[in-house]
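**Student:** Quick one, fold the following:
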Amino acid sequence: MRTIFAILLVMILFSGTFAFAQDKFELYGEYSYLRFNPTIFGLNSRSFNGGGGGATWYFVKILGIKADFMGYGSTTFTRTVSSTIVTPSGIIPAGTYTTQGNMFTYLFGPVVKIPIPKVAPFGELLFGGSNTNGYANLTNEIIASGGTISRAPSQHPFTMAFGGGLDISISQHISLRPGEIDYVLSRYTNPLTSTNNQNNFRYCGGVVFKF
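**Tutor:** Below is the predicted model:
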């Protein structure tokens with residue numbers, strides 16, 4: 001009798017946990033635009049286009065934990081040097097240096113959502129890292145043109161996103177996310193001047209699947 005009671009209790013608890021997870025778990029896919037602001041003088045801000053997705057688990061009604069992964073396609077990095085520059089890292093000969101670079105971000109952190117009927121505004125504060133080969137490729141281009149600057153290693157610096165957005169429910173299990181706006185801080189060390197802290201802008205929009 002006790003064994004049967006224990007089995008029934010476990011089944012009830014399992015069913016309750018499963019139902020709880022169905023009401024609290026989201027998966028999403030998004031397009032993402034990132035306006036990246038390099039810290040190299042003479043290297044203009046650039047636009048990255050890409051996308052990705054992630055998941056959010058709400059352990060209470062309005063508070064959850066989010067995992068966010070975005071990838072961005074290559075954009076052109078061009079730096080024109082009118083005369084030879086001597087830096088602590090070496091010498092940069094005069095010339096125009098052009099190369100490609102992509103970017104990836106992986107961020108985690110708390111989300112606060114206000115679940116009012118049909119719409120759900122939310123705010124988030126995410127921490128993690130990112131990676132771009134733009135700085136390393138630019139350094140390699142300078143070295144190939146006769147520069148003596150130190151070769152830049154691959155970087156995975158601290159990265160943070162702070163912002164929010166709005167979800168619009170179109171069915172029990174699907175919402176549209178017309179817009180999510182974030183301030184993104186990245187801390188890539190510029191191989192030319194050893195400066196860091198890039199202040200960037202991010203827009204995301206896509207579809208949310210609720211379970």
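**Student:** ok, Asn133 to Gly50 distance?
**Tutor:** Applying CB to CB, to the nearest Å, one obtains 14 Å for the distance of Asn133 from Gly50. Where you see a C-beta, it was placed from the backbone N, CA and C, and this is true even at glycine.
**Student:** which residues of this protein fall in helices?
**Tutor:** Shown for the chain, the helices assigned by DSSP state H span residues 2-24, 134-144.
**Student:** hey, least reliable of these by pLDDT?
**Tutor:** Per-segment confidence across these bottoms out at helix 2-24, which has a mean of 41 in mean pLDDT.
**Student:** Mean pLDDT per helix and strand in the protein: which one sits at the bottom?
**Tutor:** Considering only helices and strands, the least confidently modelled element of the chain by mean pLDDT, DSSP states H and E is helix 2-24, at a mean of 41.
**Student:** Grab the most central residue of this structure for me.
**Tutor:** Nearest residue to the geometric centre of the chain (CA atoms, centre = their mean): Thr105, 3.6 Å.
**Student:** Which pLDDT value goes with it?
**Tutor:** 98.
**Student:** residues near the closest residue to it other than its chain neighbours, how many?
**Tutor:** Spatially, and ignoring its direct neighbours in sequence, Thr105 is nearest to Ser130 (4.3 Å; CB to CB, 6 or more residues apart in numbering). With neighbours defined by other CB atoms under 10 Å, the count for Ser130 comes to 26.
**Student:** Residues touching stretch 142-158, excluding its own?
**Tutor:** For stretch 142-158, the surrounding residues in contact (CB atoms under 8 Å, 6 or more residues apart in numbering) are 87, 89-93, 95, 97, 127, 129-133, 135-136, 138-140, 186-189, 191-192, 196.
**Student:** Name whatever forms a beta bridge with Val111.
**Tutor:** The bridge-partner assignment for Val111, based on DSSP bridges, gives Gly64, Glu124.
**Student:** Check it and give its pLDDT.
**Tutor:** Per-residue confidence at Val111 stands at 97 (pLDDT).
**Student:** ok, now which ones touch Phe48?
**Tutor:** Taking CB under 8 Å, 6+ apart as the definition, contacts of Phe48 comprise 33-36, 72-73, 75, 102-103.
**Student:** Run through the bridge partners of the residue nearest to it when sequence neighbours are not counted.
**Tutor:** The spatially closest residue to Phe48, leaving aside those adjacent along the chain, is Tyr72, at 3.6 Å (CB to CB, 6+ apart). Residues found in beta-bridge contact with Tyr72 (criterion: DSSP bridges) are Gly50, Met103.
**Student:** Just to check, Tyr72 is in contact with Arg35?
**Tutor:** No. Under the criterion of CB atoms under 8 Å, Tyr72 is not in contact with Arg35, lying 10.9 Å apart.
**Student:** of the two, who's got more company?
**Tutor:** Counting neighbours by other CB under 10 Å for Tyr72 and for Arg35 shows that Tyr72 has the greater number, 23 against 14.
**Student:** The more buried one and Tyr31: what is the separation?
**Tutor:** Using CB to CB, Tyr72 is found at 11 Å from Tyr31.
**Student:** Spit out the residues that contact these two alike.
**Tutor:** Joint contacts of Tyr72 and Tyr31 (CB under 8 Å, 6+ apart) are 49-50.
**Student:** returning to what we had before: list the residues that contact the residue nearest to Thr105.
**Tutor:** In this structure, Ser130 makes contact with 103-106, 156-157, 159, 186, judged by CB under 8 Å, 6+ apart.
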